[in-house]
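>>> here is a sequence with its predicted model. Questions after.
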Amino acid sequence: MPKLPIYINLLSKEAQAVIGQVHENTRPALKLLEKEGFTCRNYVDIFDAGPTVECDLRNIQAVRDSFRAKVSVAEHTSSQDYLIANTSFEHFRATAAKAAFDAESGTVLLSPEAADALNVADGDMVRMLAQ
């Protein structure tokens with residue numbers, strides 16, 4: 001963070017005009033965040049002067065729609081795509097993979113390759129989001 005205040009009125013008119021604006025190359029990322037429930041709160045990032053977005057965790061669509069499941073490692077023929085993450089903070093891993101989820105038992109069949117990518121084994125828990 002700057003040790004001294006930045007006086008906006010001392011910046012060039014061109015610099016002042018882009019404060020709080022989204023760069024054209026990052027507009028798709030902002031649209032994705034807004035679709036998930038994030039909103040601009042009229043604050044700017046101290047490093048690039050771009051807008052900051054915020055969202056209460058409960059309002060993030062992917063968080064609301066995700067669920068936990070117990071892992072069973074086995075080959076399967078499911079064609080359903082999921083975003084899947086392990087539940088480890090220290091060794092977090094996530095992947096997009098096909099999986100077979102059984103809502104009744106709360107179990108997900110993961111291929112050995114997907115389980116290896118996530119660093120999970122039979123009985124571990126994962127968080128999933130259907131795609």
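Yep, it's here. Treat the numbers as computed from the prediction; the structure is a model and nothing was measured.

>>> mind listing the strands for this structure?
Secondary structure of the chain (DSSP state E): strands at 39-44, 51-54, 67-73, 81-86, 94-98, 100-102, 107-110, 125-130.

>>> elements contacting the first one?
Counting contacts by 3 or more Cβ pairs under 8 Å, 6 or more residues apart in numbering; DSSP states H and E, the secondary-structure elements packed against strand 39-44 are strand 51-54. The way it works is simple: take the backbone N, C-alpha and C, and place the C-beta from them, glycine included.

>>> need the CA coordinates for the strand it packs on. PDB is fine.
Extracted in PDB, the C-alpha atoms of strand 51-54 (Å, rounded to 0.1, in the frame of the first residue of the first chain):
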ATOM      1  CA  PRO A  51     -13.200  -1.800  -9.600                       C
ATOM      2  CA  THR A  52     -13.500  -4.300  -6.800                       C
ATOM      3  CA  VAL A  53     -16.400  -6.700  -6.500                       C
ATOM      4  CA  GLU A  54     -17.800  -8.300  -3.400                       C
END
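
>>> how is the chain divided into domains?
13-59, 66-130 (automatic domain parsing).

>>> rewinding a little: return the most buried member of the strands of the chain.
Mean neighbour count (mean count of other Cβ atoms under 10 Å) peaks for strand 107-110 among the strands of the chain, with a mean of 24.
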